[in-house]
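In: Need a 3D model of the sequence below.
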Amino acid sequence: MAEKTAGLSKEEREAVKQRAAELRAQEKAGKSRAAGEEAVREAIAALPDDDRALAAGIDRIVTEVAPQLVPRTYYGFPAYANADGKVVVFFKAASKFTTRFATLGFEDAAQLDDGDLWATSYAVLALTPETEKKIAAAIRKAAG
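Out: Numbering: from 1, shown residues only. Okay, here's the model as predicted:
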């Protein structure tokens, strides 16, 4: 069980530290696609097998259906940003916070608006032809 201190778990405090390091590295590298691709590759490689397979699949799908999105990391997770540098979509590994499923999430920059209610995240257990189609459609829409 996660140890709690000042409202944040050990994992959450580590994520905040990781995000601060990412911001410093991104400032140093600018909005370089190559630097972002490398950071995403490293983040994916560091994941346990099940999460790594899902993250690599999401990376492949984003690259295919929304090549205009720029890879980067976001709290240590693979993420993809628009031309303004705003994260549109990210992958959160199940292992990061010991949850039972990985998450495909969308931030405010995602163009998913659909009336007064729309999904901003999805639980992902496996990449099948069916789930890949749904993920591709959601990413395509989110990227505009």
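In: This protein: strands as residue ranges?
Out: Taking DSSP state E as the test, the strands found in the chain are 4-5, 8-9, 70-74, 77-81, 87-92, 102-106, 121-124.
In: will you turn those into CSV that also has mean neighbour count?
Out: Quick note: C-beta positions are derived from backbone N, CA and C, even for glycine. Formatted as CSV, these follow (neighbours: other C-beta atoms under 10 Å):
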stretch, mean neighbour count
strand 4-5, 10
strand 8-9, 14
strand 70-74, 23
strand 77-81, 25
strand 87-92, 24
strand 102-106, 22
strand 121-124, 15
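In: nearest to K134, of these?
Out: For K134, the closest of the strands of the chain is strand 121-124, at 7.9 Å, according to C-beta to C-beta.
In: chain center to that closest one, what's the gap?
Out: Counting by C-alpha atoms, centre = their mean, to the nearest Å, strand 121-124 is centred 11 Å from the centre of its parent chain.
In: any idea of the mean pLDDT for it?
Out: For strand 121-124, the mean pLDDT works out to 98.
In: May I have the strands that pair with it, each with its orientation?
Out: Note on strand 121-124: by DSSP bridges, its sheet partners are strand 102-106 (antiparallel).
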